[in-house]
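Engineer: quick check, what structure comes out for this input:
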Amino acid sequence: MENIDWKNLGFGYVKTDWNVRSTWRDGQWGALEKSRDENISIHMASTCLHYGQEAFEGLKAFRGADGKVRIFRLEENAKRMIRSAEYTLMAAPTIELFRDAVLEAVRLNEKFIPPYGMGASLYIRPLLIGTGAQVGVKPAKEYMLVVFVTPVGPYFKEAHQRDGGPFPRPCGAPRNRSREGRRQLCVEPAFGRRGPQGRLPVGTLSGRQA
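Structural biologist: Got it, this is the predicted structure:
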């Protein structure tokens with residue numbers, strides 16, 4: 001593996017070795033397959049392109065001080081993908097299929113999990129799309145579940161640099177003068193697009209754009 005500067009890793013895409021896929025057709029999900037291909041070949045009339053039959057999740061794997069790898073709330077992400085699939089009339093992966101795909105993607109790319117104490121993690125992106133071709137407004141007859149991973153640093157690096165007072169600040173609170181010229185975030189307690197416990201009820205493209 002090429003040398004990675006773990007401490008200065010941004011939140012972007014870094015190529016890893018494998019992704020994991022399963023296809024739904026004829027009323028059932030196929031076996032998991034591993035692939036080195038970073039591209040997905042789909043029909044130009046795929047419902048994910050035209051009618052929004054698409055959902056994705058985001059979770060992370062961390063390496064602990066004891067060397068063990070831990071994934072946060074994996075089954076909760078699986079449940080939300082199932083809700084998203086139902087919401088958009090897609091074939092939903094089972095919790096078992098979702099879990100197996102995530103664990104296999106992490107296992108195949110374990111060398112890309114950042115070391116403990118670097119402030120970085122292995123980001124996991126499960127993606128569910130309608131690949132069947134439809135011109136009329138109707139659900140697809142084929143779907144694909146893809147799970148890929150990539151090492152990432154913190155989304156907002158400043159959140160790990162709490163110099164000069166609390167960060168982020170409550171909205172309406174005085175601005176932190178020691179942070180002039182730097183991005184300053186605030187927390188809005190009354191309004192938000194996320195549901196209870198900080199989670200969207202569904203993870204569809206349209207829902208995340210709201």
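Engineer: from now on I want contacts and neighbour counts done on CA atoms only, so please keep to that.
Structural biologist: Fine.
Engineer: now P93: phi and psi?
Structural biologist: When read as degrees, to the nearest 10, the backbone of P93 gives phi -70, psi 150.
Engineer: domain ranges for the chain, per the record?
Structural biologist: Per automatic domain parsing, the domain ranges recorded for the chain read 6-155, 157-196.
Engineer: lowest average pLDDT across those?
Structural biologist: Comparing mean pLDDT over the domains of the chain, the weakest stretch is domain 157-196, at a mean of 59.
Engineer: before we move on, back to that, out of the domains of the chain, which is the most enclosed?
Structural biologist: When the domains of the chain are scored by mean count of other CA atoms under 10 Å, the highest mean neighbour count falls to domain 6-155 (a mean of 18).
Engineer: chain center to that domain: distance?
Structural biologist: 7 Å (CA atoms, centre = their mean, to the nearest Å).
Engineer: now do the same end-to-end measure for that domain.
Structural biologist: 14 Å (CA to CA, to the nearest Å).
Engineer: kindly report the same for stretch 109-121.
Structural biologist: 12 Å.
Engineer: what residues does that stretch touch?
Structural biologist: The contact list for stretch 109-121 (CA atoms under 8 Å, 6 or more residues apart in numbering) reads 1, 6-7, 9, 16-18, 60-65, 67, 122, 149-154.
Engineer: please, where are all the strands along this structure?
Structural biologist: Using DSSP state E, the strands found in the chain span residues 19-25, 28-29, 33-35, 54-56, 59-63, 69-71, 121-130, 143-152, 169-170, 186-187.
Engineer: save the ones you listed as a markdown table, and put in distance to V106 too.
Structural biologist: A markdown table is the format used below for the strands of the chain (distance: least, CA to CA, whole Å):
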| stretch | distance to V106 |
| --- | --- |
| strand 19-25 | 9 |
| strand 28-29 | 21 |
| strand 33-35 | 12 |
| strand 54-56 | 17 |
| strand 59-63 | 8 |
| strand 69-71 | 9 |
| strand 121-130 | 8 |
| strand 143-152 | 7 |
| strand 169-170 | 35 |
| strand 186-187 | 32 |
